[in-house]
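Undergrad: predicted coordinates and the sequence they were generated for:
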Amino acid sequence: MHDKSVPSVPPAGPSAAKPPATAPQKPAGPPPLDLKSLETRLKETKAIGVYTKLTLKNQVDDLLDEFRAYYKGQLKTSLAELRRAFDLLVLKVLALLQDADPQLASAIAASREAIWGILSDPVKFATV
């Protein structure tokens, strides 16, 4: 017969594994951009050509016009549909920036919800 030994279990007590005193924190991302600084940085970036910037500006203006009409009750759409249009526009901008200006892309990604918070609140939107 073979003697099957039971694996030893370390004793519980002071030498037992302890959780770290403080959990490691994720590095803080870039702070959210306000709309004015976002506009400025998009104008200044070399990652997007002039014609593409003009196209994006027109698309942003169109989206803002849709929000204005929505808040005036003149647009037969839902906030969810406006969110979809907003998300698609943000994704388009991120795709244009991700390789040539990753810092701006990261700042926009971090600002996405803050910007949506302004657009989706009629009181905050009125200040835009």
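TA: Yep, it's here.
Undergrad: so which helix or strand takes in residue 65?
TA: Residue 65 is part of helix 50-71 when elements are defined by DSSP states H and E.
Undergrad: my read: residue 69 touches residue 75, true?
TA: Yes - the criterion here is Cβ atoms under 8 Å, and residue 69 meets it with residue 75 at 3.8 Å. C-beta: built from backbone N, CA, C; applies to glycine.
Undergrad: pick out the residue nearest the middle of this protein.
TA: The centroid of the chain falls nearest to residue 109 when counting by Cα atoms, centre = their mean (3.0 Å).
Undergrad: spit out the contact partners of it.
TA: By Cβ atoms under 8 Å, 6 or more residues apart in numbering, residue 109 lies in contact with residue 94.
Undergrad: tell me the angle the helix or strand containing it makes with helix 50-71.
TA: Assigned by DSSP H and E, residue 109 belongs to helix 102-119. Angle of helix 102-119 versus helix 50-71, following axes from the mean of the first three to the mean of the last three Cα atoms, to 10 degrees, is 20 degrees.
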